[in-house]
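In: Provide a 3D model corresponding to the input given below.
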Amino acid sequence: MGKYDPLTVYLKGRAQAEVPLRFEEIAALIGSPLPPSAYSHRAWWANEATGHIHAEAWLEAGFEAAQVDMIRHRLVFRRLRRGMAEEPCQFEHQGRHPLIGALKGTFTIEPGGRACALETCETRLDGKADRIEPGLRNGLR
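Out: Numbers count the residues shown, from 1 in each chain. Just a heads-up that it's a prediction; the model follows:
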């Protein structure tokens, strides 16, 4: 078991989005004092796992160090959001979005059909509806 594993376990067991802790509480969790640099260098609390086993502990638990107060020796571990920004896109290498083709088969453009400006299309549809409605009324009598 690594030195900072108890911190990982503790954070993983928290349900809240933010976990405030004092440096002394972290030392008690891991069973040994934090190094002097934790008290004197803000960079010790950077969220960089590469080469920093202490940061790896909270990042592995799904948290980041935030609101580090070097004077009062406390900080807040904030839960990382799991979302699209962190996860690689599944369709990234396919060259197209997965929703392309999602509406396939739901409508048909007849051969010779033309695209029109929205206002023109709405006017045409309104005109057709005006002609259809009386026919429906007469057919329902």
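
In: ranges for the strands of this protein?
Out: Using DSSP state E, the strands of the chain run over 18-22, 63-69, 74-79.

In: and the second one, what does it pack onto?
Out: Packed against strand 63-69 by the contact rule (3 or more CB pairs under 8 Å, 6 or more residues apart in numbering; DSSP states H and E) you find helix 53-60, strand 74-79. For glycine as for every other residue, the C-beta is placed from the backbone atoms N, C-alpha and C.

In: Quick one: closest of those to residue 66.
Out: Of all the helices and strands packed on strand 63-69, strand 74-79 sits nearest to residue 66, with 4.3 Å by CB to CB.

In: which outside residues touch that closest one?
Out: Residues outside strand 74-79 that contact it (CB atoms under 8 Å, 6 or more residues apart in numbering): 11, 16-23, 45, 58, 61-69.

In: can you do 7 Å?
Out: Contact with strand 74-79 is made by 11, 17-23, 45, 58, 62-69, as judged by CB atoms under 7 Å, 6 or more residues apart in numbering.

In: returning to what we had before: export the helices and strands packed on strand 63-69 to CSV and tack on distance to residue 40 and mean neighbour count?
Out: Output for the helices and strands packed on strand 63-69, formatted as CSV (distance: least, CB to CB, whole Å; neighbours: other CB atoms under 10 Å):
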stretch, distance to residue 40, mean neighbour count
helix 53-60, 15, 19
strand 74-79, 14, 19
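
In: Tell me which of these lies nearest to residue 39.
Out: Among those, strand 74-79 comes nearest to residue 39, with 11.4 Å by CB to CB.

In: And the lowest mean pLDDT element among the helices and strands of the chain?
Out: Of all helical and strand segments in the chain, the minimum by mean pLDDT, DSSP states H and E falls on helix 118-140, at a mean of 68.

In: For the chain, give me the ranges with low pLDDT.
Out: 82-110, 112-122, 133, 135-141 (pLDDT under 70).
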